Structure formats: C-alpha cells, structure tokens
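1. Here's my sequence, what's the structure:
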Amino acid sequence: ALESVSVPQPCNCDDAFVNIAGAITSVERRNDNHVSALSPDRLKSVSTSTVVDIPCGQYFLSGIDATETVFLAVHGRALLAVKGDVLLHAGLTVMLDPGAELDLLVGGLFQSTGGNPLGAASPARFRIWVAGSDLVSFDDSPSIRAMIYAPRSPVIANGAIDLSGGMLSLTALVSGAMNLHFDQAIFSSGVSCGEPTATPVP
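-> Predicted structure coming up:
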C-alpha cells in the first residue's frame, strides 16, 4: 500500500545552529591578525605562489582572489573568516601541523577553477563553511579534500569531482563522475574541545 511518510531534515541548518555570517562579522571586529602580521587584503590579489602561516587563533580576510596556488600553513586550531568571495584559479593547499585544524568561513562566492587540488591531507581537519546562498562551483575536475558545509548554496561542477571528506549543500549538479570518500573522522572532530562524539544521521 502507498502512504505518506515524514522524512526529518538531515541537519539543523538554521542560523541558530551555525550562524556563519555572524561569526564572520565577529572575527572582522576582533581577530588575531596582528599575531602573524596578516593584512585583511593579504590574499585579495595573488599572482605568485604564496604561503601564509596561520598560528592558533582567529583571522580575518576581506577576500581571496588567487591566480596562483595559495598554501596555508596551519600551526594550531585556527579559524579564517573571509568576508567576501573566495576565487581560486590554481588550487588551495592546507598544510596542517599535528593536531592543527582549520575552519574557513566564506561570506560570498566560493569558486575553484583550473582542476588543481583543493584541501588538506586530513579532510576532517579542514572545514569550509559558506554563509549565504551564493554559488559554490568547481570547474575542470578538481580533487577536493575537505568537509564542505553550504546548506543554502547550490553546488555546480563542470566536470568530475573526486571528494574526500563530505559535503552538505542545497543542491548539487555534477556534469561528470563524482567519487565520494567520506571521512568518518569528522564524527570525533570536537572531542579535543570536550564535545561528545557526533552521531551519524540514520
């Protein structure tokens, strides 16, 4: 027999759960940029391969627009809040010290072109949070190693995607093959802060 069924939401995506835009505003007002002499416009126009050291703390950037590879060397538990767009034309490599983690908060568009690798060796320790409903796009079949949280954003890939980590998005349109390798280490990512191990959605 056919009957109506009720399917619960896969997660709580309200601002009351994770207010990404509010967090970006908070970090803009109070941050640790002075610790590493990081200017808010440091990555606004990157035309040569660039390495940025990120110590433990929270840091603010106005935007990222890079035509060459950006390397983020993370030396502790860090948060990097970007008020505007993140436009990557040659990939993003996140190098994590033992025990280091990075949360990247994005206030605008998130776009990756050129098919270059994006992410970290340990995907559960590199998390990308997209605040609004702007497009998230991946062109030229990149390899992605990250946890992506974009509950209001459509994700579009012009080609294949090889994703190690995980992704939550409003919709996903992939024109090629999509290989997903879910990193279950994300379930225990908060344990070091005293939080309980997460329970998978049934």
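2. if I averaged out where everything in the protein sits, which residue would be nearest that spot?
-> Centroid-nearest residue in the chain: residue 128, 1.3 Å away (criterion: C-alpha atoms, centre = their mean).
3. my read: it touches residue 153, true?
-> No: Residue 128 is not in contact with residue 153 according to C-beta atoms under 8 Å; the separation is 10.7 Å. In this view, the C-beta of every residue, glycine as well, is placed from N, C-alpha and C.
4. in the longest strand along the chain, what counts as buried?
-> Longest strand of the chain, by residue count under DSSP state E: strand 143-158. For strand 143-158, burial by neighbour count (16 or more other C-beta atoms under 10 Å) applies to 143-151, 153, 155-157.
5. what's the answer for stretch 44-62, then?
-> The neighbour-count criterion (16+ other C-beta under 10 Å) identifies 44, 46, 52, 54, 55, 56, 57, 58, 59, 60, 61, 62 as the buried residues of stretch 44-62.
6. Show me the contact partners of it.
-> Contacts of stretch 44-62 with the rest of the structure, by C-beta atoms under 8 Å, 6 or more residues apart in numbering, involve 24, 27-28, 31-33, 35-36, 38, 40-43, 63-84, 90, 102.
7. Filter the residues you listed down to just the buried residues.
-> Neighbour counting by 16+ other C-beta under 10 Å classes 24, 27, 31-33, 38, 40, 42-43, 63-66, 69-70, 72, 74-75, 77-84, 90, 102 among those as buried.
8. Among these, name the ones in strands.
-> Per DSSP E, the buried ones among the contacts of stretch 44-62 map to strands at 64-66, 70, 72, 74, 77-82, 102.
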